[in-house]
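Colleague: predicted coordinates and the sequence they were generated for:
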Amino acid sequence: MSSFGEVLQEFKSSESPESIVPLIEGSSLRSGVVAWRSVAITNKSSEDCPYKDDVSKWNWLWSRVTYDTAGFGVVAGVRVQDAQILLQRLIGLRLVYPDGTIHTYARQYLQSLIMAKLPKKK
């Protein structure tokens, strides 16, 4: 059995660049990833993960936290009724983590978009 932190680290250490493909065409996903970093997250009581398969472990991680979906929607710039759908997509695509962080490759992709828009130094 593994702790929350150990299971979370398993997922973070197995990230792949293919996971960010939906970000390339999904402006709402990009906004959601950026917004996720500003959402307050509360951890529930600690217990070890009883699961062995990745899908169950991932779902277990998310069952161990609470977060403000409406606040997320406001920051992401989506309608209240669309906030839960957007957040479910981000979670399902494993682009955001239940500790408030985001996928490493997603962060790098967003940084590259920002750098491309900034004026070049002379």
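Modeller: Now that the structure is in, tell me what you want to look at. Numbering: from 1, shown residues only.
Colleague: pull the contacting residues for Arg101.
Modeller: Just so we're on the same page, residue 101 is Thr rather than Arg. Thr101 makes contacts with Lys12, Arg37, as judged by CB atoms under 8 Å, 6 or more residues apart in numbering. For every residue, glycine as well, the C-beta is placed using N, CA and C.
Colleague: equivalent analysis for Leu8, please.
Modeller: Contacts of Leu8 (CB under 8 Å, 6+ apart): Leu61, Tyr97, Pro98, Asp99.
Colleague: relative to Leu61, how far out is it?
Modeller: For Leu8, the distance to Leu61 (CB to CB, to the nearest Å) stands at 6 Å.
Colleague: common neighbours of the two, please.
Modeller: Joint contacts of Leu8 and Leu61 (CB under 8 Å, 6+ apart) are Tyr97, Pro98.
Colleague: what about the helices in the chain?
Modeller: 4-13, 21-25, 27-36, 54-63, 69-76, 80-92, 104-117 (DSSP state H).
Colleague: mind putting the contacts of Leu8 into JSON lines with pLDDT, distance to Ser13 and neighbour count?
Modeller: Formatted as JSON lines, these follow (pLDDT from 0 to 100; distance: CB to CB, whole Å; neighbours: other CB atoms under 10 Å):
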{"residue": "Leu61", "pLDDT": "97", "distance to Ser13": "14", "neighbour count": "20"}
{"residue": "Tyr97", "pLDDT": "97", "distance to Ser13": "12", "neighbour count": "20"}
{"residue": "Pro98", "pLDDT": "97", "distance to Ser13": "16", "neighbour count": "21"}
{"residue": "Asp99", "pLDDT": "95", "distance to Ser13": "14", "neighbour count": "13"}
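Colleague: understood, closing this out.
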